[in-house]
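In: For reference, the sequence and a predicted model appear below.
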Amino acid sequence: MEKAEKAEKAVNQGERPEVRDADDGVWSGDWVAERLGVELVGDEGLTGLLGLALRRNPKRAHLLVSNVLGKHVPQSPSVVYGYGWELGRRVRELLGEKEARRAVVLGYAETATGLGHCVADGLGVAPYLHSTRRPVAGLDPAGGFEESHSHATSHLLLPEDPALLAGDGPLVLVDDEFSTGNTVLNTVRDLQGRYPRGRYVVVALVDMRSAADASRLADFAEEIGARVDLVTAARGTVRLPEGVLEKGQELVARYEAEGAAVGESSSGAPSGPVAQFPAPLKGTSQPRPQGARGTARTAPTGPHPDEDRTAPHVTRVDLHWPVGLPDGGRHGFTPAQRARLEAALPAMAARIAEALPHHARRVHILGFEELMYAPLRLARELERDTGLEVRYSTTTRSPVLAVDDPGYAIRTRLAFPAHDDPADGPGERYAYNVAGAGFDAVVVVVDSAADTPALHAPDGLPARLAAHTPEVLLAVVPSYAPERPRMLPEPLRGPDFSSYAPEEVGWLLQDLSDVTLEAPTEEREEAIQSGGAHYAESLPVEYQPSEQYQELFHAALADSAARIAQAVGVVTETVLAERSPRPVLVSLARAGTPVGILMRRWAQHRHGLDLPHYAVSIVRGRGIDANALRWLAEHHDPRDVVFVDGWTGKGAITRELAQALEEFEKSDGITGFSPEIAVLADPGSCVRTYGTREDFLIPSACLNSTVSGLISRTVLRADLVGPHDFHGAKFYRELAATDVSVAFLDAVSARFPEVADAAGAQAKELLAADRSPTWEGWAAVERISEEYGIHDVNLVKPGVGETTRVMLRRVPWKVLARAGAGSDLDHVRLLAEQRGVPVEEVDRLPYTCVGLIHPKYTRGATGADGKAVTL
């Protein structure tokens, strides 16, 4: 009780709770340091915060074991909470009151979920979210990233409110240790692309980076144009001798083998009764289990040898958890929800106290993997309101070697099967330093998703604990389920939305026709390149073609209609032969939609098939519309879906689709969608299914909405598109007088009879040929980007179609044209003349032309007349 009172007083006075170095001068990192030559150097008291252990990990053998995190080492909950709260208070001082109110706190799974909560509490006014490895069907990830050194790497961000991360206020990133900075860099890189902001604060218990890693973070901050501050409780570094990874792996293997050879039971534990002994006063000194000093130590996993306890008695405690209150920050946790929890804590802790046996004096509250905060707050309340000696830690999926030595941080290990049906499949889970610690009772706190038959099995966690404590109690917190998505609407169809006939295409979009989204080209370019906005958050002003340009379009259509018709036939016959006899065509709006309609018309003309066709949105950097995928999966077999686009440039959308479908499969568990796109033209050699690999003028690329059913580009903006909405687009009804959408389709379709035989023969040849993508287009783009000093492949747009888009929608710098290119470039030359853009002829260009977006993104990139200027 004295320790809890001191820790509580320290928190109330804005001080950090005290944690002394180990008893008897033994540091819980001595064992590893002596055998591997690992050194921990830094601030005074660093060894009081950290111990060392070894683990089976191919990336990093040693493990920094925190004594104040509440994960591997049982600790006073007031100490654990106090460290996080104090870090949060320092962040608030750093940001100031105004910026603190705009901040969002983000914690890392699994070890820092509770710490992040405590930091948010200390900050006081910020909402909180932590990453998770538990996907939720129907909930789109707002981001994700990898943790390079971890045993389990994939993190999902699943806020119930997508606007939580969409603001531009400071983002506070919380992890238990800051070792290389890789995790933070991965997070910032992902989120900055989705939700740009100008300030980040990194918070950790310890900063253990090398000098090189420290400078790398500073360089990265300069690169993205954001301020990055660092707040930690202590600083230091780990000095690793040459070959430490291999030596550590050998040591782990040898001690595990020795542990099995010193008379352990079949469970891998020393036989005989387990000693009961008092808990240490401070977190670094661990209890001394019975057994040979310095041997591998896995705690007995079956019943006590003198007892028959295959079905141990577990006392359930009904917490009366507040209805609708989230169990933690997996989907977001607001200050108002924190206030609700604060009000309910005394009564919930009292229910635990009432359920404890009368003789209990030393009680352990054991949380569950990512569920750290709720058990911590319950433990702290129990510690404050009773005379009990309370300790707190949580289970983990991290495998660590246990060694019975006071100079080693992990003294005992309880292993048991995962019990929450994890997305990555079954596996072992662990509770460290709990076995043999002499607790009179252990209160296991899990969420309802983990209260499964596997938890209560003979080899489950309560059964493992029953061999080491007289009483096991179970408190279950209801798993918070975000609001389920409402029923998605039926597709939009013409003539209410688009100038296409209703049977030609169904648009899986929402109508934003009444919203003003257009912005001047130069303003959009500046915002996009500066990171201030994403290109899908606004629309360019629709280009109104001159009479001369319209004449070029009609001339190009007359010249190329047969060539386009044959390419339509080739790609459609390939799809029918190779993908599905009755495919569901899903075009990527909007460039893919005219091609999807033409493919549907070909299948009807040649085979009498009436194929379903839909148009969906895909956005570079943000993926495909997941709600559209859900609608498709509800109405069709995903295996029949064939995604259709107009052409490939460098293959960015091809890659985007593959990544988006992979993320969708992980988040929703819906399989079957193929990432292979069917395109009319593949000059970049990015796909296997195509009509041609020539880079020629497809007239539908010459115009914007007036050749695409009068539909705009798709829009994805958080204030317009909610978590259960389709992406949006506009229907430009007012441009009906200049609409040539149906005329384009009819002109191409009219040529089907004359090219049918040639298309069929060419499709057969392609089906027998090696069509593997070479990605030569991507390589060419990278080379051009460097040769012209652009250093950004997103500003290089290869091919006739992409170059046309640059001229119509972006701020062009110059056009590279293949020497000798003919009439396919007439419309590009006219646009270049109108906008004052130089056309430079280049030998050995793999494309007919390449458009270069101006690499200087301020409005100074164009002159006062709106024309391009040279660098």
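Out: That came through fine. Numbering: from 1, shown residues only.

In: Just the buried residues of the helix or strand Q548 falls within, please?
Out: According to DSSP states H and E, Q548 maps onto helix 547-578. Within helix 547-578, the residues scored as buried using 16 or more other C-beta atoms under 10 Å are 549-550, 552-553, 556-557, 560-576, 578. To be clear about C-beta, it is placed using only N, CA and C from the backbone, and glycine gets the same treatment.

In: any idea which helix or strand comes after it?
Out: Downstream of helix 547-578, the next assigned helix or strand under DSSP H and E is strand 584-588.

In: now stretch 170-180: mean pLDDT?
Out: The average pLDDT within stretch 170-180 is 92.

In: Distance from the chain centre to it, please.
Out: For stretch 170-180, the separation from the chain centroid amounts to 16 Å (computed by C-alpha atoms, centre = their mean, to the nearest Å).

In: How about stretch 333-350?
Out: 29 Å.

In: just use 23 as the starting number from now, easier for me
Out: Shifting the count to begin at 23 puts that one at stretch 355-372.

In: so what's R715 up against?
Out: 703-705, 707 (C-beta atoms under 8 Å, 6 or more residues apart in numbering).

In: Closest to D241 out of those?
Out: The closest of these to D241 turns out to be S707 (C-beta to C-beta; 34.9 Å).

In: thought the closest one was touching G799?
Out: Yes - in this structure S707 lies within contact range of G799 using C-beta atoms under 8 Å: 6.0 Å.

In: between the two, what contacts are shared?
Out: Common neighbours of S707 and G799 (criterion: C-beta under 8 Å, 6+ apart): T670.

In: which secondary element of this structure has the worst mean pLDDT?
Out: In the chain, no helix or strand scores lower on mean pLDDT, DSSP states H and E than helix 24-34, which sits at a mean of 53.

In: Buried ones in the helix or strand following that one, by neighbour count?
Out: Remark: after helix 24-34, the chain's next helix or strand is helix 52-58, criterion DSSP H and E. By neighbour count on 16+ other C-beta under 10 Å, the buried set for helix 52-58 is 52-55, 58.

In: same question, stretch 696-712
Out: In stretch 696-712, the ones that count as buried by 16+ other C-beta under 10 Å are 696-712.

In: could I have that stretch exported to CSV, CA atoms only?
Out: Taking C-alpha atoms only, stretch 696-712 is exported to CSV below (Å, rounded to 0.1, in the frame of the first residue of the first chain):
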residue,chain,number,x,y,z
SER,A,696,-8.6,-11.3,-58.6
PRO,A,697,-6.2,-8.3,-58.9
GLU,A,698,-5.6,-9.0,-62.6
ILE,A,699,-7.0,-6.1,-64.6
ALA,A,700,-8.2,-6.4,-68.2
VAL,A,701,-7.3,-3.4,-70.3
LEU,A,702,-7.7,-2.2,-73.8
ALA,A,703,-4.1,-1.2,-74.2
ASP,A,704,-1.1,-2.2,-72.2
PRO,A,705,1.9,-0.2,-73.4
GLY,A,706,3.6,-0.4,-70.0
SER,A,707,3.5,-4.2,-70.0
CYS,A,708,1.9,-4.3,-66.6
VAL,A,709,-0.9,-6.9,-67.1
ARG,A,710,-1.6,-10.3,-68.7
THR,A,711,-5.0,-9.5,-70.2
TYR,A,712,-5.1,-6.8,-72.9
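
In: Tell me the gap between stretch 617-625 and the middle of its chain.
Out: On the basis of C-alpha atoms, centre = their mean, stretch 617-625 is displaced by 36 Å from the centre of the chain it belongs to.

In: before we move on, what about stretch 82-98?
Out: The gap between the average C-alpha position of stretch 82-98 and the chain average comes to 26 Å, counting by C-alpha atoms, centre = their mean.

In: May I have the distance across that stretch, first residue to last?
Out: Start and end residues of stretch 82-98 are separated by 29 Å (C-alpha to C-alpha, to the nearest Å).

In: Also stretch 342-361?
Out: Start-to-end span of stretch 342-361 (C-alpha to C-alpha) is 16 Å.

In: returning to that earlier point: which members of the buried residues of stretch 696-712 are positioned in strands?
Out: Among these, DSSP state E puts 699-703, 711-712 in strands.

In: could you redo those residues as a markdown table and give each row distance to T418?
Out: A markdown table is the format used below for these (distance: C-beta to C-beta, whole Å):
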| residue | distance to T418 |
| --- | --- |
| I699 | 41 |
| A700 | 46 |
| V701 | 47 |
| L702 | 52 |
| A703 | 52 |
| T711 | 46 |
| Y712 | 49 |
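
In: now S201: how far from G191?
Out: Applying C-beta to C-beta, to the nearest Å, the value for S201 to G191 is 27 Å.

In: who has more neighbours, the two?
Out: Taking other C-beta atoms under 10 Å, S201 and G191 do not tie; S201 has more neighbours (21 against 17).

In: Torsion angles phi and psi at that one?
Out: Note on S201: backbone dihedrals following degrees, to the nearest 10 are phi -100, psi -60.

In: and it, how far is that from G258?
Out: As for S201, its distance to G258 is 11 Å (criterion: C-beta to C-beta).

In: residues shared between the contacts of the two?
Out: Counting by C-beta under 8 Å, 6+ apart, the contacts common to S201 and G258 are M230.

In: In a helix, A479, correct?
Out: No - counting by DSSP: H, G, I helix; E, B strand; the rest coil, A479 is not part of a helix but coil.

In: Following element in sequence after the host helix or strand of G73, please.
Out: Per DSSP H and E: G73 is located in strand 72-76. Downstream of strand 72-76, the next assigned helix or strand under DSSP H and E is strand 84-88.

In: Can you tell me what sits against that next one?
Out: Outside strand 84-88, the residues that touch it by C-beta under 8 Å, 6+ apart are 50, 54, 58, 60, 71-77, 79, 94-95, 198-199, 201, 227-228, 230, 260, 262, 266, 270, 420, 422, 431-432.

In: Low-confidence bits of the stretch 73-222 of the chain, can you list those?
Out: The model of the stretch 73-222 of the chain has pLDDT under 70 over residues 160, 166-175.

In: can you give me the strands for it?
Out: Using DSSP state E, counting those that start in this stretch, the strands of the stretch 73-222 of the chain run over residues 84-88, 126-129, 150-152, 165-168, 176-179, 193-200, 221-229.

In: closest one to S734 among those?
Out: The minimum distance between S734 and these falls on strand 165-168, with 26.5 Å, by C-beta to C-beta.

In: now the helices for the stretch 173-322 of the chain?
Out: Per DSSP state H, counting those that start in this stretch, the stretch 173-322 of the chain carries helices over the ranges 204-216, 233-246, 266-283.

In: quick one, which of those is packed in tightest?
Out: Stretch with highest mean neighbour count among the helices of the stretch 173-322 of the chain: helix 204-216 (a mean of 19; mean count of other C-beta atoms under 10 Å).

In: What ranges in the stretch 523-672 of the chain fall below the confidence cut-off?
Out: For the stretch 523-672 of the chain (pLDDT under 70), the answer is 542-557, 565.

In: Which parts of it are helices?
Out: Along the stretch 523-672 of the chain, counting by DSSP H, counting those that start in this stretch, helices occupy 543-551, 569-600, 614-629, 648-657.
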